[in-house]
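Colleague: kindly generate the corresponding structure for this input.
(one chain, ligands or ions: 1)
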Amino acid sequence: MIKLSYNIKNYRKDLLEIVNEGDTVIELGCHLGGTTKLLENCNVFAVDNSPEAVDVMNGLDNVYFISGDVRLHDVLAEVFKKVQKCDVLAIDLGGGYHPDTVFKVFYIWSSTFKPKHTVIRNRGLLEFFNTATGSAEDYQSGEGYLESYHDSGIPPQIKEFDLWTPSLDK
Ligand SMILES: C[S@@+](CC[C@H](N)C(=O)[O-])C[C@H]1O[C@@H](n2cnc3c(N)ncnc32)[C@H](O)[C@@H]1O
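Modeller: Residues are numbered from 1 along each chain as shown. All right, here's what the predicted structure looks like:
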């Protein structure tokens, strides 16, 4: 299942409805752990590039925190060394964040960790989803990743990140 929302309350509600005790959750954009703290009894791998997040997130139990940019392959590889699959992928880079970037982040991380469920907070993606009408072709996924690409392996660093995000520091 893939769930999309914009309001952070709905994002948290969606996530809490999906997670089970003992689940492995990868959370991208955890900030100060407002959502992470609700994931009691889960093994959480949380990533954020805000310096503010470091002390707070390192102080949480059951959380392995990585300070880094989720667009970078090295950051994904660091998580992959710890865990190769997750039950739930949660992505909140900020509700108004560029939808193209959020979709690429979803594509890369979900193709790698093959979550059963993904929860995404992003206004642009929600607007697109609510507005678009698909053709009769039956492409859909019962998983938290795109089944069309499930055999593609771990995607390499996507070139567009370099082309479209000039402020990205390596
Ligand atoms: C709205 S906050 C997340 C709030 C959090 N999910 C919660 O429930 O409290 C968005 C977070 O995404 C992080 N973020 C944005 N772009 C990022 C990126 N490329 N890599 C890592 N973190 C990023 C920001 O640092 C910020 O902490």
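Colleague: in what helix or strand does residue 10 lie?
Modeller: Here residue 10, judged by DSSP states H and E, is contained in helix 8-18.
Colleague: who's in contact with the helix or strand just after that helix?
Modeller: For helix 8-18, the succeeding helix or strand toward the C-terminus, using DSSP H and E, is strand 24-28. Contact with strand 24-28 is made by 19, 35-36, 39, 42-48, 70, 79, 83, 85-93, 105, 109, 113, 115, as judged by CB atoms under 8 Å, 6 or more residues apart in numbering. (Each C-beta comes from the backbone N, C-alpha and C, glycine too.)
Colleague: quick one: average pLDDT of strand 24-28?
Modeller: In this model, strand 24-28 carries a mean pLDDT of 98.
Colleague: quick check: mean pLDDT across the helix holding residue 10?
Modeller: pLDDT averaged over helix 8-18 gives 98.
Colleague: picking that back up, which of the contacts of strand 24-28 fall in strands?
Modeller: 43-48, 88-91 (DSSP state E).
Colleague: so what's residue 60 up against?
Modeller: Residue 60 neighbours (CB under 8 Å, 6+ apart): 33, 36-37, 44.
Colleague: who does the helix or strand harbouring residue 107 touch, helix- and strand-wise?
Modeller: In this assignment (DSSP H and E), residue 107 forms part of helix 99-113. Packing contacts for helix 99-113, counted by 3 or more CB pairs under 8 Å, 6 or more residues apart in numbering; DSSP states H and E, involve strand 24-28, helix 73-82, strand 88-91, strand 117-121, helix 123-131, helix 159-164.
Colleague: what's the angle between it and strand 117-121?
Modeller: Here helix 99-113 runs at an angle of 160 degrees relative to strand 117-121 (axes from the mean of the first three to the mean of the last three CA atoms, to 10 degrees).
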